[in-house]
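Participant: sequence and predicted structure below; questions after.
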Amino acid sequence: MQDIKKVIEAWKPTRIHFGEGSINQVGDAVRRYADNALVVIGGGSVKENGVLARITELLDRASIRYQICEGVEPNPSKETVYRITYHLLAGNFACLLAVGGGSVIDASKAAGILAKVKQGELDDYFGVGMVSKKTERAMDLVAVPTTSGSGSEVTRFSVITDPVLGVKKLMIDAAIVPNEAIVDPELTYSCSKQVTLVSGLDAMTHLVEGYLNTVDDAADPETNDRALAGLSLLFEALPRIVRDPQDKTGRRNMALASLLGGTVLFYKQAGGPHLNSFSWCNVMDHGEACAVMLPYYGAYYAPVVGDRLKKVSQLLGVSDSGDVARDFAQGLLDFYRGLGFPLTLKEFENFSKELIGKAVSDAAQNKMKLEAMPRPVPLEKSESVLRTIIEGAWEGNLEKILKL
């Protein structure tokens, strides 16, 4: 734990406050940037569980002028981003305080761009480094995650849904990284079993995909150690808190794992599972989409990252059979069984086989993601390769994937 503590204290892109009771620092955190803030929340759970009342009391004590902007939905839409931007500008706010899961934080990041730059459309900023062309930093943002999953409180990513096209769009830019993150495990105690599960699986996928990514290894030599430390925590903690949501040690370790996942993805990109999740945002949660695809993409990656897959399998307690692809996939699938999580795409009620074609078609438009996978998928072969992997995940069969 000492090494992880040092990582948190030394992390430069975002000032991190971690631990039970760290929410008490919210007033001081906001005041470092402004004496006013727009408080952005989701569907209202932070009202029901008392978190919002606690935060507003702390803001009052710090003499911070604030307004609540609520209603950020899962997979936040462009319209939601524009609505937050309107409230920022109309209220003349100089700081954002995002309180919620990854969707709330992502929407706040995106709104902070428009409110700071005050020109163009949101579409102008999707892609890599588009924000930095206009401003060194988006509007100051303090992030308070209430789930352990996305790691958005420390990443340079924002994922926003285009409801017309039915796809998620990604922006990657250092200019949108939150100034400060308050990660208080106590804020996650009231999460439902489903939210706990899918957000936890989201964090797991970040850690595994970041670890398997070899393209960006040189950007931060310590990333892989953080990924393995996070996975060691997560594989033990997630089953505990799914069984007992009030397990304080489990909640703390899960919050640490999620935070480490965010730092891993700061310098690295996620691969195939994340790529496909963008296409299925209307039928399943992001964490579900990423997790269900991970064993099958891992099998595809095996020829080039076998040693790394073996280390993950060891953390899962899998005996080495000599077949690293099957060991990894089986280890994850057994982990899912213990959590009561589906092993195949066809087990999801709202998922139809036609969505396989949509994911294949959408992925072909994202050359950057195809090239960023540990085992890159050539654009000209993306149709056949991706269809084989996704159909394998539909059926729960690795055989055709292993022949790629």
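Facilitator: That came through fine.
Participant: chain center to the longest helix belonging to the chain: distance?
Facilitator: Longest helix in the chain, counting residues (DSSP state H): helix 286-315. Averaging C-alpha positions (Cα atoms, centre = their mean, to the nearest Å) puts helix 286-315 17 Å from its chain's average.
Participant: next: stretch 176-194.
Facilitator: 12 Å.
Participant: where does the stretch 151-300 of the chain have low pLDDT?
Facilitator: The stretch 151-300 of the chain contains no residues with pLDDT under 70.
Participant: do that again at 80, thanks
Facilitator: The stretch 151-300 of the chain contains residues with pLDDT under 80 at 165-167.
Participant: so which residues of the stretch 151-300 of the chain form strands?
Facilitator: For the stretch 151-300 of the chain, applying DSSP state E, counting those that start in this stretch gives strands covering 157-162, 167-172, 180-183.
Participant: closest to Leu52 out of these?
Facilitator: Nearest to Leu52, of all the strands of the stretch 151-300 of the chain, is strand 180-183, at 14.0 Å by Cβ to Cβ. Placement of C-beta: from N, CA and C, glycine included.
Participant: show me what the longest helix of the chain is packed up against.
Facilitator: Of the remaining helices and strands, those touching helix 286-315 by 3 or more Cβ pairs under 8 Å, 6 or more residues apart in numbering; DSSP states H and E are helix 193-212, helix 223-243, helix 272-277, helix 324-339, helix 382-395, helix 399-402.
Participant: mind listing what's buried along the longest one?
Facilitator: Spelled out, it's helix 223-243. Across helix 223-243, burial judged by 16 or more other Cβ atoms under 10 Å covers 223-224, 226-231, 233-235, 237-239, 241-242.
Participant: who's in contact with that helix?
Facilitator: With contact meaning Cβ atoms under 8 Å, 6 or more residues apart in numbering, helix 223-243 is reached by 3-4, 7, 193, 196-197, 200-201, 203-204, 207-208, 210-211, 216-217, 247, 249-251, 253-254, 256-258, 260-261, 263-264, 267-268, 308, 311-312, 315-316, 335, 338-340.
Participant: now the third one
Facilitator: Counting by Cβ under 8 Å, 6+ apart, the neighbours of helix 272-277 from elsewhere in the structure are 168, 205, 209, 286, 289-291, 293-294, 297, 300, 359, 363, 366, 369-370, 373, 377, 386, 389-390.
Participant: which among those residues count as buried?
Facilitator: Neighbour counting with 16+ other Cβ under 10 Å marks 168, 205, 209, 286, 289-291, 293-294, 297, 300, 359, 363, 366, 369-370, 373, 377, 386, 389-390 as buried within those.
Participant: follow-up on the earlier one: nearest to Ala110, out of the helices and strands packed on helix 286-315?
Facilitator: Of all those, the one in closest proximity to Ala110, counting by Cβ to Cβ, is helix 272-277 (17.8 Å).
Participant: picking up where we left off before, quick one: buried residues of the longest helix of the chain?
Facilitator: Residues of helix 286-315 classed as buried by neighbour count (16+ other Cβ under 10 Å): 286-302, 305, 308-309, 311-313, 315.
Participant: swap in stretch 243-252?
Facilitator: 245, 247, 250-252.
Participant: now do the end-to-end distance for that stretch.
Facilitator: 15 Å (Cα to Cα, to the nearest Å).
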